[in-house]
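A.B. asks: Okay, predicted coordinates and the sequence, questions at the end:
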Amino acid sequence: MTTPASLSGQSHRRAGRTIVVTGAASGIGAAIARRLAGPETHLLLHTRGASDESQARLAEVRRACEALGAQCAVWFGDLAETSAATRLIDAAHDAFGPVDQLVSNAGFATRQHLADVDDEAFARTLAAMPGAFAALLRSALPDLQRSPQASVVAISSFVAHRFAPNQPGFPATAAAKAAIEALARSAAAEYARLGVTINCVAPGYTRKDSGHSAIDPAAWQRAADATPTGRLCEPDDIAALAVFLLGRHARQITGQVIHVDGGLTL
């Protein structure tokens, strides 16, 4: 059901742009939010967890963005849950009015053998990533179709494109990210004439924020060694492209999956 706040938001679009960023508490999402921040930018920052640690991390990102002149609001919730995407977009309406742009970044990677992926884990992975992305698109599209700067960026991953024989991979995550890419391309084709651009960025091995990684240094080194450039991606490497795709110079780019992976998927 459309709330009164949503209805009022549809009729009043603020100057600048309103952008929803999911998974904004750390890593790529936080880097994107910081790069987007500036005067006349309104950011709805999301994270899944409502723990004290998650709230503290998102509050830190919010402070950094507000220091750069952005107006910010935050929302906590699991986007795999029914109606969560609608409630997130409604929160953006309540705070700022109609949504102009969307960054779908929230997600996770689980490395395991296919035989170890149980039905519940597989279903949850699909619900949390392509399911959530589809729901976010459906909820935001009425706004996007009326925005003069409508753009969507979804974060995919190299795991949907690179597969090593005889090793555990990321089967559930690979399926989820491939589905996100297919959804983005389908939506890009459908809404291109209405001025909405929709693209994916596919990162390679990307360094985690300090203090938020359970991967040991040796594993990071193996990841760097597997990358042709010999180094890991930094969150800001991915953020730079995502922010470009949301800008006016990218208005003729839509339906693309662009890799930022140091040559990993060559």
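C.D. replies: Okay, I see it. Numbers count the residues shown, from 1 in each chain.
A.B. asks: which residues of the stretch 101-250 of the chain fall in helices?
C.D. replies: 119-126, 132-144, 171-191, 217-226, 235-245 (DSSP state H, counting those that start in this stretch).
A.B. asks: Reformat those as a markdown table; add mean neighbour count, distance to Ala106 and mean pLDDT.
C.D. replies: C-betas here are computed from N, CA, C, even on glycine. Formatted as a markdown table, these follow (neighbours: other CB atoms under 10 Å; distance: least, CB to CB, whole Å; pLDDT from 0 to 100):
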| stretch | mean neighbour count | distance to Ala106 | mean pLDDT |
| --- | --- | --- | --- |
| helix 119-126 | 14 | 12 | 93 |
| helix 132-144 | 22 | 7 | 98 |
| helix 171-191 | 20 | 11 | 97 |
| helix 217-226 | 12 | 22 | 91 |
| helix 235-245 | 21 | 14 | 98 |
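A.B. asks: which one of these lies closest to Glu60?
C.D. replies: Using CB to CB as the measure, helix 235-245 is the one of the helices of the stretch 101-250 of the chain that comes nearest Glu60, at 14.2 Å.
A.B. asks: Against Leu43, how distant is Asp94?
C.D. replies: When distances are taken as CB to CB, to the nearest Å, Asp94 and Leu43 turn out to be 14 Å apart.
A.B. asks: Which of these two has more residues huddled nearby?
C.D. replies: Neighbours were counted for Asp94 and for Leu43 using other CB atoms under 10 Å; Leu43 has more, 31 against 17.
A.B. asks: sec struct for the more buried one, please.
C.D. replies: Of the three states, Leu43 takes strand under DSSP: H, G, I helix; E, B strand; the rest coil.
A.B. asks: hmm, back to that, would TSV of the helices of the stretch 101-250 of the chain with distance to Asn105 be doable?
C.D. replies: Putting the helices of the stretch 101-250 of the chain into TSV (distance: least, CB to CB, whole Å) gives the following:
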stretch	distance to Asn105
helix 119-126	16
helix 132-144	10
helix 171-191	11
helix 217-226	20
helix 235-245	8
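A.B. asks: and Ser157, which of those helices is closest to it?
C.D. replies: helix 171-191 (4.7 Å).
A.B. asks: quick one, that closest one and helix 132-144 angle?
C.D. replies: For helix 171-191 against helix 132-144, the angle by axes from the mean of the first three to the mean of the last three CA atoms, to 10 degrees is 20 degrees.
A.B. asks: what residues does helix 171-191 touch?
C.D. replies: For helix 171-191, the surrounding residues in contact (CB atoms under 8 Å, 6 or more residues apart in numbering) are 104, 107-110, 112-114, 117, 121-122, 125-126, 128-130, 133-134, 137, 141, 144-145, 152, 154, 156-157, 159-160, 163, 196-200, 202, 254-255, 257.
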